[in-house]
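1. 3D, please:
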Amino acid sequence: MEDVYHTIAREARAETKVKGSRFIAECAMAATVDEATAYLEAIRKREHAATHHCSAWTVGLFEERQFKYSDDGEPNGTAGRPIYDLIEGRGLSNCIVVVTRYFGGTKLGTGGLARAYSEAARLALEEAGDKKHFLTSVLTVDIEFPLYDLLAKAIHRLGARQIDARFTDRVAVDIEIRRSRAEELRNEIVQLSGGKAKIEPAQE
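-> Here you go, the predicted structure:
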């Protein structure tokens, strides 16, 4: 089961100049199309005097992933796609990069444009860094009190996390664990409890 994804670690901004033109790259996290669109529009409004606002984003995870890139009036393939290729090459999800250009009076040609947009985006993404995330499941386990220490050891061994515990004559424990390890945890709990533990998805 695929349960690992990467995003940028923080918002970032970088700028480069090529033959008088300024290329200002900004990147941010965006988990939905609406968030990505709002970020782009905010930059358009703030940098309203700029010539172009070229962008690329990817939102959603795994099979629900969506992406889009835009040259915003620059020659086809010189801006949006190079920006997107950097996002894709770094394996990032839920991320938008916008490169704003202030034209400096000298045309750069298609190759020069692609290099300039790519370089600005690269600098911003390097500044933003990379953060790993795991998709998790939360299970509620109801178990006999004498088995609580064994359960705690299993939780620790599998890199899971106890969120809450409620003690009566038994123990009800809420456990957060990576989705790819949830079945292994279930099997361990069944074994240590002799099949007597109750294991259910946590109530929202």
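
2. For residue 172, give the beta-bridge partners.
-> Following DSSP bridges, residue 172 is listed with bridge partners residue 142, residue 166.

3. gap between it and residue 145?
-> Noted for residue 172: a distance of 11 Å to residue 145, by Cβ to Cβ, to the nearest Å. No exception for glycine: its C-beta is placed from N, CA and C like everyone else's.

4. With residue 80 instead?
-> Where residue 145 is concerned, residue 80 sits at a distance of 60 Å (Cβ to Cβ).

5. more crowded one of these two?
-> Shown here are residue 80 and residue 145; by other Cβ atoms under 10 Å, residue 80 has more neighbours (22 against 11).

6. Wait, the more buried one touches residue 73, no?
-> No - Residue 80 lies out of contact with residue 73 (Cβ atoms under 8 Å); the separation is 10.6 Å.

7. which ones are touching residue 61?
-> Contact partners of residue 61, counting by Cβ atoms under 8 Å, 6 or more residues apart in numbering, are 5, 93, 94, 135.

8. Show the backbone phi and psi for it.
-> The phi/psi pair for residue 61 (degrees, to the nearest 10) reads phi -120, psi 140.

9. just the contacts of residue 61 now: which is nearest residue 43?
-> Using Cβ to Cβ, residue 94 comes nearest to residue 43 of these, at 17.6 Å.

10. The closest one: neighbouring residues, count only.
-> For residue 94, using other Cβ under 10 Å, the count is 22.

11. For it, give its distance to residue 165.
-> Relative to residue 165, residue 94 is positioned 32 Å away (Cβ to Cβ).

12. what's residue 167 in contact with, if anything?
-> Residue 167 makes contacts with residue 145, as judged by Cβ under 8 Å, 6+ apart.

13. I misspoke; the intended subject was residue 78.
-> Listed by Cβ under 8 Å, 6+ apart, the contact set of residue 78 reads 71, 110, 113, 114, 117.

14. What helix or strand is the third one located in?
-> Following DSSP states H and E, the helix or strand that holds residue 113 is helix 109-128.

15. Please name every helix or strand in contact with that helix.
-> strand 12-18, strand 21-29, helix 80-89, strand 95-102 (3 or more Cβ pairs under 8 Å, 6 or more residues apart in numbering; DSSP states H and E).
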